[in-house]
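Asker: A structural model of the following input is requested.
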Amino acid sequence: MDIIISNSSGKPIYEQITGQMKNMIINGELKPGQSLPSMRLLAKELRISVITTKRAYEDLERDGFITTLVGKGSFVSETNTEFVKEEQLRIIEECLQKAADNAKMSGIRLEELHEILDMVYKED
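Answerer: Below you'll find the model as predicted:
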């Protein structure tokens, strides 16, 4: 599993792991039922704390992306990936609605808002 950690990123390491794993699941790189590396192994591979990988796995499980079975490990959930993607789109729409509302209140034109979104999207 190719997870890239950036120490210069403004995001905490566990969020970087969570985001990349969610993308791999949504894009089909990680298939439903596929076994994931143990928290200890992933921590060793990434040279980070097990506590950090534990937090990432807990967040992924809470959001329905993975399932953890005691004594067996963690696996990509069998849930419908379309449902998961739809939920992510709903969250994005809420955030964009807030951004649009703030832009309108601040007198920012739609074109300026597009430029900001393009800039932010390309940063990651």
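Asker: what ranges do the strands span in this structure?
Answerer: 66-69, 73-76 (DSSP state E).
Asker: highest mean neighbour count out of these?
Answerer: Burial of the strands of the chain is given as mean neighbour count (mean count of other CB atoms under 10 Å); strand 73-76 ranks first at a mean of 18. The way it works is simple: take the backbone N, C-alpha and C, and place the C-beta from them, glycine included.
Asker: pLDDT of that one, averaged?
Answerer: Averaging pLDDT along strand 73-76 gives 94.
Asker: now tell me what touches it from outside.
Answerer: 25, 30-36, 38-39, 57, 60-61, 65-69 (CB atoms under 8 Å, 6 or more residues apart in numbering).
Asker: flag every buried residue along stretch 106-115.
Answerer: Residues of stretch 106-115 classed as buried by neighbour count (16 or more other CB atoms under 10 Å): Leu113.
Asker: and that stretch, how far apart are its ends?
Answerer: One end of stretch 106-115 to the other measures 16 Å (CA to CA, to the nearest Å).
Asker: pull the distance from it to the chain's centre.
Answerer: 27 Å (CA atoms, centre = their mean, to the nearest Å).
Asker: for the chain, what helix or strand is lowest in average pLDDT?
Answerer: Taking mean pLDDT, DSSP states H and E as the measure, the chain has helix 81-106 as its least confident helix or strand, at a mean of 87.
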